[in-house]
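> dropping the sequence and predicted coords here.
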Amino acid sequence: MAIKKQPRIDKTRQLFVDDSIIAESRGTHRTLHQLTKDSDNPIVHCDRPWEGNDIRAYGSIWREPGDGQLRMWYLARPRDLDDRRFFTSVCYATSTDGLHWTKPDLHLCDFWGNTANNVCFQPHWKSDKATGRFDTVSILHDPSESRPLRRYKTVSYTHLRAH
């Protein structure tokens, strides 16, 4: 028999969308309201060639403890000019308020002969033996990691197709 681990309750904010960590309540009721889209949405636009016309928020957003800056990793789906198929890139942006985002040139990945872009990871590859891709990429922050360049980890779905 599996024993369900109880969530940690401390002084941090808790989101109560269900009763899983509420021991008891009297004289209260939960009211859920319909979400409304902000008139400024989307707040991140496809405005770079490597983003194509499809940005997906399958990535992650983390607030950096040191400077409070928000860091976002998101998926962009441009077309592959060689074979006209879609492929996915993981892109990076920063913000101080979560509404206005900057997409810095990282010079990490070549996109159509140019590294002046905010692509930090190209999770598709082709070879004469196989084609592979990553999807639904999430970035995890590990503040206990002593090496700064390894504080961010990637979790994703991987698909490999042999030719």
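All right, it came through fine.

> what segments of the chain are strands?
For the chain, applying DSSP state E gives strands covering 55-63, 70-76, 89-95, 119-121, 124-126, 130-141, 152-162.

> now the longest one: average pLDDT?
Spelled out, that is strand 130-141. Here strand 130-141 scores 76 as its mean pLDDT.

> for it, packing partners?
Here strand 130-141 touches strand 55-63, strand 70-76, strand 124-126, strand 152-162, going by 3 or more Cβ pairs under 8 Å, 6 or more residues apart in numbering; DSSP states H and E. Where C-beta positions appear, they are placed from N, C-alpha and C, glycine not excepted.

> neighbours of G98, just the number please.
For G98, the neighbour count with other Cβ atoms under 10 Å is 11.

> so the nearest residue to it once chain neighbours are set aside bridges to which residues?
In space, and not counting its chain neighbours, G98 is closest to L70: 5.6 Å by Cβ to Cβ, 6 or more residues apart in numbering. Listed by DSSP bridges, the beta-bridge partners for L70 are R63, S95.

> residues in contact with the residue nearest the centre of the chain?
By Cα atoms, centre = their mean, the chain has its centre lying nearest to G59, at 1.2 Å. If you count contacts by Cβ atoms under 8 Å, 6 or more residues apart in numbering, G59 has them with M72, W73, Y74, L75, V90, V137, S138, I139.

> okay, now the unreliable bits of this protein?
Scanning the chain for pLDDT under 70 picks out 1-8, 14-17, 79-87, 123-128, 130, 163.

> how about 50 then?
Within the chain, the set of residues satisfying pLDDT under 50 comprises 84.

> L140 - how many residues pack around it?
L140 has 11 nearby residues by other Cβ under 10 Å.

> partners of it in the sheet?
With DSSP bridges as the criterion, L140 is bridged to K153.

> you'd agree it is up against R151?
No: here L140 does not reach R151: they are 9.4 Å apart, not a contact under Cβ atoms under 8 Å.

> before we move on, the earlier item: M72 versus the residue nearest to the centre of the chain, what's the distance?
6 Å (Cβ to Cβ, to the nearest Å).
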